[in-house]
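Enquirer: return a 3D structure for these sequence lines:
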Amino acid sequence: MPNATASPAGRWPGDRMGRPQSGPGSIARPGVRIAALAIDFAVCFVVYALFFYGSSWASLVIFIVLQLAFLIPFGGSIGHLVMGIRLVNLQNRWAGVWRPIVRTLLLALLIPALIWNADQRGLHDVFAGTVLVRVR
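Expert: Predicted coordinates:
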């Protein structure tokens, strides 16, 4: 029976990029990514509710600021760090400064994040040249 998450060649997500099928360095799967995003949303909501409740754009700005404040220096948002995944460039190194900025701005648009390729990378990751990988 074929794997439902496999790429068209019948292999695992990330195989075309030289990523292992599982374990450290493998592509972070959707469940872990969604859990990390839920944690990020929860943190943003708490900050919004405590300090900016009622401001129409505050929640989006808080999300963008928190993403950048953690992605650039630590390689992961609060949710990523909790869930054991990191953002790296395609060479498996620190994503730098401009990649997290591009990725976050596209993520804020939502649509690029809903369109994935065979390696389970959203368009925001494809355009930024980044990938979310497992660290454990």
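Enquirer: which residues in the chain form strands?
Expert: Counting by DSSP state E, the chain has these strands, from start to end: 85-89, 130-134.
Enquirer: for residue 32, find the nearest of those.
Expert: Between residue 32 and the strands of the chain, the tightest spacing by CB to CB is seen for strand 85-89, at 5.9 Å. Just so you know, the C-beta spots here come from the backbone N, C-alpha and C atoms, and that holds for glycine as well.
Enquirer: output the strands of the chain as a markdown table; include the columns mean pLDDT, mean neighbour count and distance to residue 53.
Expert: As requested, those are exported to a markdown table (pLDDT from 0 to 100; neighbours: other CB atoms under 10 Å; distance: least, CB to CB, whole Å):
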| stretch | mean pLDDT | mean neighbour count | distance to residue 53 |
| --- | --- | --- | --- |
| strand 85-89 | 98 | 21 | 30 |
| strand 130-134 | 97 | 22 | 31 |
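Enquirer: for the ones you listed, could you give me a markdown table that also reports distance to residue 77?
Expert: Written out in a markdown table, the entries for the strands of the chain read as follows (distance: least, CB to CB, whole Å):
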| stretch | distance to residue 77 |
| --- | --- |
| strand 85-89 | 8 |
| strand 130-134 | 10 |
